[in-house]
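pasting the sequence and the predicted model now:
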Amino acid sequence: MSGSRKVTVAASMLLLLSLASSVLLLRRLDQVRSHATLEEVLFLNSPKWVKRLSLGYDGLLADIYWTRAVQYFGSKHVAAAGDYRLLYPLLEITTALDPKLIVAYQFGANFLQPNPPEGAGMPDKAVALVEYGIRNNPDNWKLYYDLGFVYYYMEPTNYPKAAEAFERGTKVPNAHPFLRVLAAQMAQHAGEIQTSRMLWQAAYATTNEDLIRKNAVAHLRALKVDEDITELEKMVARYREQTGVLPSSFNVLIGAGMLRGVPVDPDGKPYILLVDGDIELRNPKDFPFVVKGLPPGYNTELPKPRSR
């Protein structure tokens, strides 16, 4: 037998032995105490070591660990558990073995974020998981979408980070145009008027979808109202500091040289100056996305669906 043939035979035997050992190990893990919990059989929690021991079968082991992560979450969720301590290690190993397994990032974030018993209550880990997914799949716009909603569902909501995540996603080739809408909406709720205006203008300019363009126009109108009222509130406060009393009307501010004329909303209707110094819209229903200028009890808060 030639030397090269001996090497081939030896390598083949070693590969078969390794495969057999891997199969026996997995079977043994499943047989250890028939009612054993996953905590008792997760002997390796280091992604690096699991990857080294995978013998090149990264994809197969990734599927196994992903299946176990789903089973682990499911069993904990059904039992209304308060502790999901192994969920992130399972997801971390899964994605280290197969960084392209997009479903693990998307569903994994949904498993990690909600508070127990609905989830693990680990929003920081959800962020870390999806960011790892983005580093390994930078052209998948859905991961930026998921990251934005991780920040949105935080308590309290992190609007600036959500806006940033959605905006990052808009730069991905073939990203869904609705990401621009989400980015602008998050920036508006964060109170970043200039940033939000720029994003809504971009959303309007970069789409041919009529619904998105109308939505962008409605938000730009609302931003104009919010900006107007912010400036008017500052003016009223400044007048009170100077005189010790609130202005009784806009004509008083005009007489004081603070205004050139009665301020109007984007529809040309005058704003209302109340006796307590607050500013209100005459027809708030015409501006569904405004934050300021609303009568007491008038609610336009962005709803949060239970799932996404």
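Received it, and whenever you're ready, just let me know what you need. A quick note: this is a predicted structure, and the numbers were derived from the prediction, not measured.

pLDDT weak spots in the protein?
Confidence mapping of the chain against pLDDT under 70 gives the ranges 1-57, 299-308.

where do the helices sit along it?
For the chain, the helices defined by DSSP state H occupy 3-31, 38-41, 47-52, 58-78, 87-97, 102-112, 123-136, 141-152, 159-170, 178-189, 193-205, 210-243, 250-255.

any idea which of those gets closest to K269?
helix 210-243 (10.8 Å; C-beta to C-beta). From N, CA and C alone the C-beta is placed, and that goes for glycine too.

rewinding a little: between the helices of the chain, which gets nearest to G297?
Per C-beta to C-beta, nearest to G297 of the helices of the chain: helix 210-243, 17.5 Å.

buried residues in the closest one, which are they?
212, 215-216, 218-226, 228-230, 232, 235-236, 239 (16 or more other C-beta atoms under 10 Å).

so P117 makes contact with A81?
Yes. Here P117 reaches A81: they are 6.0 Å apart, a contact under C-beta atoms under 8 Å.

got TSV for the helices of the chain, with distance to N283 too?
Compiled in TSV, the helices of the chain are given as follows (distance: least, C-beta to C-beta, whole Å):
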stretch	distance to N283
helix 3-31	67
helix 38-41	59
helix 47-52	58
helix 58-78	47
helix 87-97	50
helix 102-112	40
helix 123-136	39
helix 141-152	30
helix 159-170	27
helix 178-189	20
helix 193-205	21
helix 210-243	11
helix 250-255	18
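
quick one: which of those is nearest L281?
The nearest among the helices of the chain, by C-beta to C-beta, is helix 210-243 at 6.6 Å.

packing partners for the closest one?
Helix 210-243 is packed against helix 178-189, helix 193-205, helix 250-255, strand 279-280, with contacts defined by 3 or more C-beta pairs under 8 Å, 6 or more residues apart in numbering; DSSP states H and E.

got these as a markdown table, with distance to K292 columns?
Output for those, formatted as a markdown table (distance: least, C-beta to C-beta, whole Å):
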| stretch | distance to K292 |
| --- | --- |
| helix 178-189 | 12 |
| helix 193-205 | 10 |
| helix 250-255 | 16 |
| strand 279-280 | 7 |
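
need the winner for burial among the ones you listed.
Comparing the helices and strands packed on helix 210-243 by mean neighbour count (mean count of other C-beta atoms under 10 Å), helix 178-189 comes out on top with a mean of 24.

which strands and helices sit next to that one?
helix 141-152, helix 159-170, helix 193-205, helix 210-243.

nearest to G268, out of the ones you listed?
helix 210-243 (12.0 Å).

one step back: wait, which of the helices and strands packed on helix 178-189 is closest to P288?
helix 210-243 (6.5 Å).

now do the closest one against helix 178-189: the angle between them, please.
In terms of direction (axes from the mean of the first three to the mean of the last three C-alpha atoms, to 10 degrees), helix 210-243 departs from helix 178-189 by 10 degrees.

for P266, phi and psi?
Main-chain torsions, P266, degrees, to the nearest 10: phi -60, psi -20.

quick one, what contacts the nearest residue to it once chain neighbours are set aside?
Of all residues not flanking P266 in the chain, R221 sits nearest, at 4.8 Å (C-beta to C-beta, 6 or more residues apart in numbering). Residues in contact with R221 (C-beta atoms under 8 Å, 6 or more residues apart in numbering) are P266, F287, F289.

next up, the contacts around the last one.
The neighbourhood of F289, defined by C-beta under 8 Å, 6+ apart, consists of Q188, A218, H219, R221, A222, T300.

list just the nearest of these to A202.
Distances from A202 to the contacts of F289, taken by C-beta to C-beta, are shortest for H219, at 11.9 Å.

quick check: the closest one touching M198?
No. With contacts counted by C-beta under 8 Å, H219 stays clear of M198, the gap being 11.8 Å.

and of the helices and strands packed on helix 178-189, who's closest to L182?
Nearest to L182 among the helices and strands packed on helix 178-189 is helix 159-170 (4.4 Å), distances taken as C-beta to C-beta.

with just CA atoms, put the closest one into CSV.
Provided in CSV are the C-alpha atoms of helix 159-170 (Å, rounded to 0.1, in the frame of the first residue of the first chain):
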residue,chain,number,x,y,z
TYR,A,159,-36.7,56.4,20.8
PRO,A,160,-33.3,57.9,19.7
LYS,A,161,-31.7,54.4,19.5
ALA,A,162,-34.8,53.0,17.6
ALA,A,163,-34.6,55.9,15.1
GLU,A,164,-30.9,55.3,14.6
ALA,A,165,-31.4,51.5,14.0
PHE,A,166,-34.1,52.1,11.5
GLU,A,167,-32.1,54.8,9.8
ARG,A,168,-29.1,52.4,9.5
GLY,A,169,-31.4,50.0,7.8
THR,A,170,-32.4,52.5,5.2
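
nothing else from me, thank you.
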